[in-house]
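[1] generate a structure from the sequence data that follows.
(2 chains)
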There are 2 protein chains.
Amino acid sequence: MLNEPALKIAQQRLRAVYDPQQFRAAAEQWGELLATHLERVQQRETRVLNWAEPVANIAEAERWLDGVSTEPSARFADIVRQMLDCGHNLHHPRYIGHQVPAPVPIAGLFDAVGSVTNQVMAIYEMGPWATAVERALVNRLGEQIGWQRDSFAGLVTHGGSLGNLTGLLTARNVALGGSWEEGVASDGAKPVIVVQGDAHYSLARAAGVIGLGTKQVLRASLDERRKLDPQKLDEQLTDLIARGHRVVAVAACACATPIGAFDPLRDVANVCRKHGVWMHVDAAHGGAALFSRRYRHLLDGVDQADSVVWDAHKMMFMPALCAFVLYRDKQHRFEAFRQEAPYLFDPSAPGMAEYDSGMLTLECTKRAAAYGLWGTWSLFGQQLFEDLVDVTFDLGRVFYEKLLAAEDFVPLHEPECNIVAFRHVPTALKSAPPETLGAFQRELRRRLIESGRFYIVQTNHGGVGALRVTIINPLTTTDDLDELLVALRELGAELLKSDRP
Amino acid sequence: MLNEPALKIAQQRLRAVYDPQQFRAAAEQWGELLATHLERVQQRETRVLNWAEPVANIAEAERWLDGVSTEPSARFADIVRQMLDCGHNLHHPRYIGHQVPAPVPIAGLFDAVGSVTNQVMAIYEMGPWATAVERALVNRLGEQIGWQRDSFAGLVTHGGSLGNLTGLLTARNVALGGSWEEGVASDGAKPVIVVQGDAHYSLARAAGVIGLGTKQVLRASLDERRKLDPQKLDEQLTDLIARGHRVVAVAACACATPIGAFDPLRDVANVCRKHGVWMHVDAAHGGAALFSRRYRHLLDGVDQADSVVWDAHKMMFMPALCAFVLYRDKQHRFEAFRQEAPYLFDPSAPGMAEYDSGMLTLECTKRAAAYGLWGTWSLFGQQLFEDLVDVTFDLGRVFYEKLLAAEDFVPLHEPECNIVAFRHVPTALKSAPPETLGAFQRELRRRLIESGRFYIVQTNHGGVGALRVTIINPLTTTDDLDELLVALRELGAELLKSDRP
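    From the prediction side, this is the model:
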């Protein structure tokens, strides 16, 4: 039963929590803490990764939940500092690791306009401006692909994995007409998906999710540059179709993760068209190259795809997550989710359903994930995106040449973009067996990242461990790249002296 | 080929974009703009929803993308103002609409620490602190459910819809052993999911996504209070199993959307256990009631569920999106996605896979979605969440009593929480046919929200349109609720005078 005095006291406590004056004071501290942090990180005054064991970090995070001893106003800055001191410093010029960028810092402010005021979508009226900026950006990205306005459609979702899932789900529903309502039938030859041999694991995972089964994901053959081989794809599709399989989709990459190889999209498209198969392009990483006059040729033919995934939180340097799914033919926009939720989608304003993002996306309530990109684009203009691609792709080339010039480093491919795979091969390991060489790379990397000096990643190349960088911070200099080789040499020498590997 | 002078010029432009001093100045403006906005909104000096037609908003959003005419420093504030002026004002005390809260404002600052610095997960080392705070909160929420530490597991995902999808996918993989690898088999009687009759559309949608088919989603019978009827469920399961159907899961609600009805979870659990069926609870909205000594009884038995979805971006008043999926038995944590991505999950540190969120979630790269909740909890303590539930649930009761007392309003149920469905029935419509009465509610709502005076939603009750509020802003007062009745009366009278409906 209602206890009015208790209600009044609780309301009073909550008004204090929601007090705009308290927010103003906190925001002021927040801006200063973040700006100072960015300065220190960009000046290389911090470690790149603040490594700590998971169990220790989790225990520490729990301690804070119990620790309400001081006034909120005194405590706020301590909490923010804790977050900054224990994180990963992607703005450090020596962060050259995963395909996750050092984002444009101000993008985080635009993004946070949406967070503080909680602009969401699902239905248009809940986030009219959030919907508008998403649609405006879909228009621009589709046109960048080369499509005619009003002929295509698109949406934003929470990451490339959900994007690939959405694209393949649409392909499934188009290829297997009744599968949304009836389920995936499995009598006879099973429907399959053909993916680039180096495609991201989210594509195979999507097949597991949408009921096709991961075993029905077939790898397409790659050529010596690890690009999809169109002629072999043609043979593969011919064979599959002859054996009665429905090919739900072919998934090509622009680019694939391991060495950043861009598939020959125009040739792939011709093969897909010949066989009447849906062509999906995972351009999560490389889509932004369309902004670069010098690099857009890498995506030649992408306009022939049926669906394209393009992450703004990769090479458009936005904070995670802001992934676009784009359909060449706007007729396909409602195929992924054929349902209606009548209580959401309003018969008194039926035209609104066209603008209700919940009809298009896996999410129902969706955050205003495009606020960061829209604000950044509006502030700096489109040139920014060309610069970001050009600088980081160019530095990939510079790094490759440094590797070539070094006696004790071996690049594993000629880079097409900002991804470079390589190995450190000191004299002592010149004739080591592959497994020793591979284990050395992995152990070397672990020591490097735990030292906080650099952050790089690892990959497999020909089944053997290797090192890999993605130059995805525009503040990384050629000196930093020289220093990476120095650091690897030092840690490599230490490692060779120790027992391991 | 590399053009070194061009590279240097582009690098220089990018250093300006990343300049911490520019960020500092922008952040200062940003904090002041947001604080002033919150003041105006909370003082009811703005419209609730800034309604504009989608086509007009989209065109305006595109115009900004072209408009780089002034210096960024001059332009920044204009862009932020544009976002604030065209959005939906959830902090307006007269926003009492969807199950999307007026979030704790400072939570947005904690969230934005993650955005500006781009803390992400997938693998532990990319977001060590992001992972730590997520796990710390999973521990606390699981214990709040009543589970023993180290016996359960959980994760954060981008919304309740993805949460329901993840839970049902786990259930599918457990119930249909080979479905991840082989696909969903459909020979013989098809596997089914039984959901609460009023369950959220994301549950049926999930069945469409995961290859079971939406037709295999069967509605469980509800009692007169629109709660799942355990005895009828028992009969339904007995019948389905006798007819050879595998029941993948039963999905109960705490609470269901239309009138906020909480299912009798303990009784439902007993039925599920009897039949050996996975029990999923969609506690997206109601999970937070576990923090309230007065309301936690509504979730009695939730500890018997196999999987629970609990959105912190609903009744824990966080900005979207921060949804928890919790498994009673931690053995199930890796069932949803049985795959491995060897290049991500590191053989040189195999123990880390336990802390790699990408093994557990639909997302690969995932933003630090729990930063807002962790910071807010650390700042204000757990009492905040009890207050938020108590105040808003209490006000649901207060509003119900006002409806009862008014001659021209009819509450459609006794509320259990902060969701109340009702109709405005002016004298002229006392004996109107149901379709007229329903159309009147819908048209009335549309006029109300486009006026900017209040934001409320609509629902169907007994197949007839109705109005619905969710009191999900702790600043809403009893006076605001009185004023809502006044506004509906005024607009209702105008509507009756006009031709429509």
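[2] and the strands in chain A?
    Secondary structure of chain A, counting by DSSP state E: strands at A:120-121, A:153-157, A:192-196, A:217-220, A:247-253, A:279-282, A:307-311, A:323-327, A:366-367, A:409-411, A:419-424, A:457-461, A:464-470.
[3] now mean neighbour count, distance to residue B:216 and mean pLDDT too, for those strands, in TSV please.
    (Each C-beta comes from the backbone N, C-alpha and C, glycine too.) Shown next, in TSV, are these (neighbours: other C-beta atoms under 10 Å in any protein chain shown; distance: least, C-beta to C-beta, whole Å; pLDDT from 0 to 100):
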stretch	mean neighbour count	distance to residue B:216	mean pLDDT
strand A:120-121	28	29	96
strand A:153-157	26	25	98
strand A:192-196	26	23	98
strand A:217-220	18	24	98
strand A:247-253	29	20	98
strand A:279-282	29	27	98
strand A:307-311	30	26	98
strand A:323-327	27	26	98
strand A:366-367	30	26	97
strand A:409-411	19	52	98
strand A:419-424	25	43	98
strand A:457-461	21	40	93
strand A:464-470	24	43	97
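[4] got CSV for those, with distance to chain B too?
    Supplementary listing: the strands of chain A in CSV, determined by distance: least, C-beta to the nearest C-beta, whole Å:
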stretch, distance to chain B
strand A:120-121, 5
strand A:153-157, 9
strand A:192-196, 10
strand A:217-220, 10
strand A:247-253, 11
strand A:279-282, 12
strand A:307-311, 8
strand A:323-327, 9
strand A:366-367, 4
strand A:409-411, 16
strand A:419-424, 10
strand A:457-461, 5
strand A:464-470, 8
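[5] now distance to residue A:438 too, for those strands, in a markdown table please.
    What follows is the strands of chain A, written out as a markdown table (distance: least, C-beta to C-beta, whole Å):
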| stretch | distance to residue A:438 |
| --- | --- |
| strand A:120-121 | 46 |
| strand A:153-157 | 36 |
| strand A:192-196 | 23 |
| strand A:217-220 | 22 |
| strand A:247-253 | 24 |
| strand A:279-282 | 27 |
| strand A:307-311 | 29 |
| strand A:323-327 | 32 |
| strand A:366-367 | 41 |
| strand A:409-411 | 13 |
| strand A:419-424 | 8 |
| strand A:457-461 | 8 |
| strand A:464-470 | 3 |
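[6] which of these sits closest to residue B:151?
    Nearest to residue B:151 among the strands of chain A is strand A:366-367; the distance by C-beta to C-beta comes to 32.1 Å.
[7] how far does that closest one sit from its chain's centre?
    17 Å (C-alpha atoms, centre = their mean, to the nearest Å).
[8] pull up the pairing partners for that strand, direction included.
    With DSSP bridges as the test, strand A:366-367 is paired with strand A:120-121 (antiparallel).
[9] what sits up against the strand it pairs with?
    For strand A:120-121, contacts defined as C-beta atoms under 8 Å, 6 or more residues apart in numbering or on different chains pick out A:126-127, A:130-131, A:134, A:356-358, A:365-368, B:100, B:320.
[10] break chain A down into its domains, please.
    Domain assignment for chain A, taken from automatic domain parsing, gives A:112-379, A:384-497.
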